[in-house]
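Chemist: fold the following for me, if possible:
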Amino acid sequence: MLYDVIIIGAGPAGMAAAIYTSRRALKTLVVSKDIGGQAAATDTIENYPGFELIGGFELMQKFMSQAQKTGSEFVAAEVTAITKEGDNYLVTTGIGEYKSQALILAFGLTPRDLNVPGEKELMYKGITHCATCDGPLFKGKDVIVVGGGNSALDAIEYMSKIANKVYGAIRGEKYKGEQILLDKIIAAPNVELLYGTKIKAIKGTGKVESVVITSALADDASTDKEISLQGVMIEIGFIAKTQWVSNLVQMNEKKEISVDKDNNTSDPGIFSCGDVTDIAYKQAVISAGEGAKAGLQAAKYLASKSGKTVLLGADWGKR
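Modeler: Numbering: from 1, shown residues only. As a prediction, the model looks like this:
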């Protein structure tokens, strides 16, 4: 069977793209090993327009339901390879092969983990990779921000305004972020910066209750110290696992997929959206908007390819 569009990834970007391609009467298949991506694993989302507070899993289920109602099909599988066959694309998964005229890559980024005891068990139960997204959940609480770059400094500065106590744990002896931001943090009365420090373990029963820190400069258990707190914010970056599509599209130095303002990649039939691209901001609402754009651009490409009139403009209501 030949699909019009295959979308790889079922997070906010991929499912928003599916809604828009299906609304344009394109036969659409969404392939993903899970539904919702990082958003689905977030207990509470408070910054998605239209929902003052909603569970991440619930929001992503709404995305999926809407995509299915507009005609999108879903397959739970991991993509292992993509091969270009003339003007079409063969998508190989662990359970079968699927062919389409266009592709939308929306499989997101993978956050870097600390790889310490307790992290896996307490992920999203007091551990987050996004202070901007989840910070308000820790209002009035004690938290630790791990990382040494601007993202960590941003998180510390932001949390200093709403948390009771903010620790900053950095392996080195100096933050690599903007000095102006660092100065603000140093001046904050509720911030304590822990230089030359790494997290050794995260503890808690059902939720984060404490962390064990130790010296990052020497392997010496005598430097271990346990700190009681309720939140761990990991700000050590993300990994773009895009090597498997490097033969198809161009990428930047971070291995993020390069796109223009209309979500076109270097291949005319491949579009990309969401966190896996080189857009500046990684937020669910932005990913959804980028997904809508990618879906419309794929529809425009296929209409042009078939010689049909390309409809431009807004996609309001039931057009």
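Chemist: now the end-to-end length of stretch 143-152.
Modeler: 13 Å (C-alpha to C-alpha, to the nearest Å).
Chemist: mind listing residues that contact that stretch?
Modeler: For stretch 143-152, the external contacting residues (C-beta atoms under 8 Å, 6 or more residues apart in numbering) are 114, 131, 155-156, 159, 163, 165-172, 174-178, 181, 199, 211, 227, 229-237. In short, each C-beta sits where N, CA and C put it, glycine included.
Chemist: what's the average pLDDT for it?
Modeler: Mean pLDDT, computed over stretch 143-152, is 92.
Chemist: what comes up buried for that stretch?
Modeler: Within stretch 143-152, the residues that count as buried by 16 or more other C-beta atoms under 10 Å are 143-148, 151-152.
Chemist: endpoint to endpoint, stretch 96-116 covers what distance?
Modeler: End-to-end span of stretch 96-116 (C-alpha to C-alpha): 36 Å.
Chemist: again, but for stretch 176-194
Modeler: 14 Å.
Chemist: now swap in stretch 113-125 and tell me
Modeler: Taking C-alpha to C-alpha, stretch 113-125 runs 15 Å from one end to the other.
Chemist: next one: stretch 85-94
Modeler: Counting by C-alpha to C-alpha, you get 20 Å between the two ends of stretch 85-94.
Chemist: can you give me the strands for the stretch 1-150 of the chain?
Modeler: Counting by DSSP state E, counting those that start in this stretch, the stretch 1-150 of the chain has strands at residues 2-8, 28-32, 73-76, 79-85, 88-93, 96-105, 110-111, 127-128, 142-146.
Chemist: and Lys261, which of those strands is closest to it?
Modeler: Closest approach to Lys261 among the strands of the stretch 1-150 of the chain (C-beta to C-beta): strand 96-105, 16.0 Å.
Chemist: any idea of the angle that closest one forms with strand 88-93?
Modeler: Inter-element angle recorded for strand 96-105 and strand 88-93: 110 degrees (by axes from the mean of the first three to the mean of the last three C-alpha atoms, to 10 degrees).
Chemist: quick one: strands adjacent to strand 96-105?
Modeler: Its sheet considered, strand 96-105 pairs with strand 2-8 (parallel), strand 88-93 (antiparallel), strand 270-272 (parallel) by DSSP bridges.
Chemist: could you dump these to a markdown table with distance to Ala284, mean neighbour count and mean pLDDT?
Modeler: Shown next, in a markdown table, are the strands paired with strand 96-105 (distance: least, C-beta to C-beta, whole Å; neighbours: other C-beta atoms under 10 Å; pLDDT from 0 to 100):
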| stretch | distance to Ala284 | mean neighbour count | mean pLDDT |
| --- | --- | --- | --- |
| strand 2-8 | 17 | 23 | 98 |
| strand 88-93 | 25 | 17 | 96 |
| strand 270-272 | 17 | 30 | 98 |
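Chemist: what's the closest of the ones you listed to Leu29?
Modeler: Closest to Leu29 of the strands paired with strand 96-105 is strand 2-8 (C-beta to C-beta; 4.8 Å).
Chemist: chain center to the closest one: distance?
Modeler: 22 Å (C-alpha atoms, centre = their mean, to the nearest Å).
Chemist: and if you look at stretch 264-271?
Modeler: Centroid separation for stretch 264-271 versus its chain: 21 Å, with C-alpha atoms, centre = their mean.
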